[in-house]
Each structure stands twice: as C-alpha cells, then as structure tokens.
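In: Pasted the sequence and its predicted model underneath.
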Amino acid sequence: MSTSRFAFQSPSVSDEKGAYRMRAPRSTRPGSNLRHHTNERQPELLSQNRKLAVLIALLTVATFMSFGMAFYLFTTRWTSPSFPLPVPAADDTIKVAPFNECNALLEQLRIDPHVKFLAYLPHSGFHNQRIAFENALVLSCLLNRTLLVPPIRLGSKTIRYLQFDKLRRFLVLGGKEGLEHCPNVPSDVPTPDECLDYDEYTLVPWEWLIDLTEVKTHQRLVRVSNFTTSWLLENLNITEDDMLLLRDTGPYDFRFLDSVHDISPSGHRYLESVYISDLATSRARLVQIGTLFGSSRLRLKQEANKQIRRDIRRSMTFTNPALIQTANMIYRALGGVYLGAHIRLGDGHFIYDARDNARLIWWKLVQGVVGLDVQAVLALEREALGMTDDDDELDPPLMVPDLPSRRVPHAALPSLPDSFLPVKPCRGRQHTSASLSRLNIPLFIATDAIAPESHPLLALFLNTFPCTFFLSDFDEQTAHLDRIINSYDGVKMKSFLLPFLDAMVVGNAREVAITEDSTFSAFIMDVLWRRYHGWEIVQRG
C-alpha cells in the first residue's frame, strides 16, 4: 500500500496502512502594521485599533472553523457514515465473511495436535492465482494436510511475484484493513493518496466463483487472508519450531514430484526437486510454501494422483449464479449456435505477437472450423484485407497440432446448419454466395482490446464474419451486474466479472479458437468449453 502523504486544509494527516498520525499545520504569524509614534493623532490610532480588532476576530473565526473541519475529517476516517451505502437486493450482494475471523472448523482443528496445515503465497492475475490454487489443492490432498486458502484478488492492482519474504509482506499490506474510510470520503474532498486505487481491486472467496463442494468431501479447507507469522502462530496454535518454510528467491526454485524414480528432462526450469513422499514425512504442523504458480510445478506420474488433479481442475468451472444467468442470456441472443474466439492483444508479449496471433486464430476458424480450402482462405484473406495484385503473396500460417487435446478426444459435432438465427442484429452485410454462407454463423470474440470494433487487427474478423459480436454489444443482458456489490469493501463488482463472463460465453460456443501460450485461453479451451459440452477436460503439465 502507498505510504505517501495526503493533506486536507488543516490539520495534515499521514497514513501508513491504517496507522494514522496528526500534525498541526505550519502557521505564519501575521505581520503587524502598527507603528508606535507618540505624536500620531488619536482618531488615526482608533482607526488602526478597529482594523486590528476586526483582523483578530476574523482569525479567531477561521481558527475555530479550521479545527472544526479537522475534527470532522479526523473522526470520520474511522467511523461509519450516518447513512447506509446503497445495497442491492440480498441475493445480488456478495457475502464475504471477514477473512481473518477464525471459523468453526479452524477452532476445532487448532486444538488437535495431530492436524497439519499447508499454506502458500498467491500472486499475479486471476489465472496465475487459479493455477497456484489448483496446485495447492492437489499438494495438500497428497500430503493429507489442511489447506489454508487465501482469497482471490481481482482487478488491475495485482501483486506480482516477489521472493518469499517480500511477497508475504506485500500480501500483508495488500488488503483493505485500515482503509475503511475510503468509501466514505466526500466527493467534494480530494481523494486521499491511499484511496486512489481503492476501487481498482477487491477480494472475494473462491467459493463465490466456483463450487468446492466435491473437493471438500475429500480434504479440509480453511479460509484465511492474514499472512503474518504472528497470526499463524496464534490461530493455528503452533510455535515457530512447528513450521517448515520453503523460502523461494525466484519463481522457479521448487517443483514437486510424486515419484522418486522420475527422471525428467534435464532442461526443466526448476532449480530444486522436492519429492512429495519426503515432504509427507515432515512432522511440522505447518508447511509454508511461497509461489505455487506453474502448470508444471507438480510433476505427477502416478495415475491416482493425476485423477486427483483432474477432479480438482474440473471444479474450477465458474458456477456463480449471476454469471451463469448472464452467459445464458447472451447464448440465447446469439441464437444458440455460434463460434467463439479468445484473442489476447493488449498486454505482455501478446502485444508483440498480436498480428500473428490474430491471423492464426482467423485461419483456425475459417479453415479449421468453417472448412474452406487453403486457396479459398487465401483469396478471402486478401479480399478482407483490401490487398491488390501489387501486394506480396500470402502464405498460410503454421498450425501446430494440439497433441494434449488430441489425447482426450470428444464426440463428433453435428454438421453446421444451413442458416443461423441470432436474435441480435448482425453488424455487417451477410454473404449471399453459397460457398461462403457458413461464414454467416455468429462469432463471439472475447478480447482485451480497447474498442475492439475499431481495432485494426480485428478488422479481418469483422470483414469476414458479418455477425461478429463483442461483450459490449450486450449491455441489456449485463445490466443487472451493476447491482452486485462486494460487502467486504463496498466495491462494485461488474468490471471484475466481465472477463469471466467473456470466457463463459466463448466456452458455450459450438467451437472455439484461442490465443496460444495464454493461460486464460487454455483454461477456456481445456476446461470451460469441454465441461459446458459434457466432455472430459484436457490436462497439461
């Protein structure tokens, strides 16, 4: 959290993660215009006295007003507003219990000296947190340890990976404890520095987004968000001698293997291998690990362990009722038969690979799904891009077979219908040629591009598929998400939910094309799309 100072008019207040201190403002003594001359005339002296009296009176009033305002600002930083914040219907409000509050299960477990725990440190965006959570669930199950589950951190204000001690400190400071005053700052008062990013992130429990009922029939989960050693010692009823810390100094320090006979490639990125069987013999009440992100962090060879990971990964499907309701409304608006594409263009290395990735996804759809032959696709591409005979010839992109997906085949899809009936009007003129009529199928594009309908790299899709849609085309269907407010911090949730909704709509599509090397895209293709169609998921790593 920011420790920079902010100042109202008077007094000044500095904030350090909830530790406040007040200091009086600097004041300068007004200079006096009085001159002492014994030969001045009396009326002139009386006039000057009157001016001085008026000045003193004004300063007195200003002082009382200043301290009154200061007292108001000082006290309202800790108190609740006298009027309630607008709250939507009860079934739309997220109920987030205080993460640091010991629940009944923890109260029961802490007094049992035989219960052992596993903890880890989450970081980065949602899908990195999801992969780490999956790994933590699998590892805690194999170790027969109760997993301490941190909340999901949603939003643009992510906590990137740091070495163990720094990451734990950032997580300690990364909540909103001590910032309860932020939603109550009046609109006519400058926003305090520590409140500037208050609405840019929020915390929610995993069980609000996914269904962990089946997982919890096999292992114990305890929801926590306090990462301090003192909290762990007190609430787990342990001492520092009861803790085993795996401190990482880099993101790829430790990986975990389930077979002592495993001979993995020498070129793997991890510095040290930890055998799960060895870790299982530890008598430590708490095993504290740093990062668990990485699809290859757990190298599993035993079939029973792979089954555990498969079942846990299947449970990552989004089951929030509000999201399901909205995704179904968009599904119906698209006519029930449509294609989906997840196109990442806006961050990291995807910016540099954007042109190649967009073209590859387009080819997957036009050739791989719609079924046009290579020469027809090349001609269509030149036409859609407005190319002339003077432009260089195009070559088809290299499309590498997806071997992990092929190892888990699914039932054949029925043939495409002869016509498509989206409820939503198409934005382009539909193809009349019989050879291109299948391109009239609705296409839903999920993307991180700003203003996708005018993005130059998406013009190829818009010029080819006249019934191309984006999430922004469905304001009516998504309007009710505006009413969802997180009771943890009073933050509106809609902006945090749209990426999930994007993924769910793509996952409901008849067929999908995704961005390669994207964990988000892989999750849509491997888990959501297959689960929504009743097929077995694909495991990678």
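Out: Now that the structure is in, tell me what you want to look at.

In: what packs against the one helix or strand residue 531 maps to?
Out: Assigned by DSSP states H and E, residue 531 falls within helix 529-532. Under the contact criterion of 3 or more Cβ pairs under 8 Å, 6 or more residues apart in numbering; DSSP states H and E, helix 529-532 touches helix 494-507. No exception for glycine: its C-beta is placed from N, CA and C like everyone else's.

In: Contacts for the helix it packs on, please.
Out: The contact list for helix 494-507 (Cβ atoms under 8 Å, 6 or more residues apart in numbering) reads 126, 154-155, 202, 209, 318, 320, 322-324, 326-327, 330-331, 334, 340-342, 444, 446-448, 471, 478, 481-482, 484, 512, 520, 523-524, 528-529, 531-532.

In: Next one: residue 457 from residue 495, what distance?
Out: In this view, residue 457 and residue 495 are 24 Å apart by Cβ to Cβ, to the nearest Å.

In: Please apply the same query to residue 149.
Out: From residue 149 across to residue 495, the span is 24 Å (Cβ to Cβ).

In: of the two, who's got more company?
Out: Of the pair residue 149 and residue 495, residue 149 is the one with more neighbours under other Cβ atoms under 10 Å, namely 23 against 16.

In: tell me the phi and psi of the more buried one?
Out: phi -100, psi 110 (degrees, to the nearest 10).

In: and it, what does it touch?
Out: So residue 149 contacts 133, 136, 205, 206, 221, 222, 223, 224 (Cβ under 8 Å, 6+ apart).

In: As a markdown table, those residues with distance to residue 254 would be great.
Out: A markdown table is the format used below for those (distance: Cβ to Cβ, whole Å):
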| residue | distance to residue 254 |
| --- | --- |
| 133 | 17 |
| 136 | 13 |
| 205 | 27 |
| 206 | 23 |
| 221 | 22 |
| 222 | 23 |
| 223 | 25 |
| 224 | 22 |
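
In: CA atoms of the helix holding residue 531 as CSV?
Out: Below are the C-alpha coordinates for helix 529-532, written out as CSV (Å, rounded to 0.1, in the frame of the first residue of the first chain):
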residue,chain,number,x,y,z
TRP,A,529,-15.6,-25.4,-23.3
ARG,A,530,-15.3,-29.1,-22.6
ARG,A,531,-17.2,-29.0,-19.3
TYR,A,532,-20.0,-27.0,-20.9
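
In: ok, and what's touching it?
Out: Residues contacting helix 529-532 (Cβ under 8 Å, 6+ apart): 314, 317, 340, 408, 410, 506-509, 512, 536-538.

In: Please apply the same query to stretch 437-444.
Out: 330, 334-335, 337-341, 365-366, 370-371, 416, 418-420, 422, 424, 426, 430-431, 461, 464-470, 505-506, 509.

In: Likewise for stretch 235-252?
Out: 102, 106, 110-111, 117, 161, 163-165, 224, 226, 229, 232-233, 254, 269-271, 274, 282, 284-291, 293-294.

In: Which members of these occur in strands, if any?
Out: Using DSSP state E, the subset of the contacts of stretch 235-252 located in strands is 117, 254, 274, 286, 287, 288, 289.

In: Among those, which one has the most neighbours?
Out: residue 117 leads those on contacts (other Cβ under 10 Å) with 26 neighbours.

In: Where does the residue nearest to the spatial centre of the chain sit: helix, strand or coil?
Out: For the chain, the residue nearest the mean C-alpha position is residue 154 (3.2 Å; Cα atoms, centre = their mean). What DSSP: H, G, I helix; E, B strand; the rest coil gives for residue 154 is strand.
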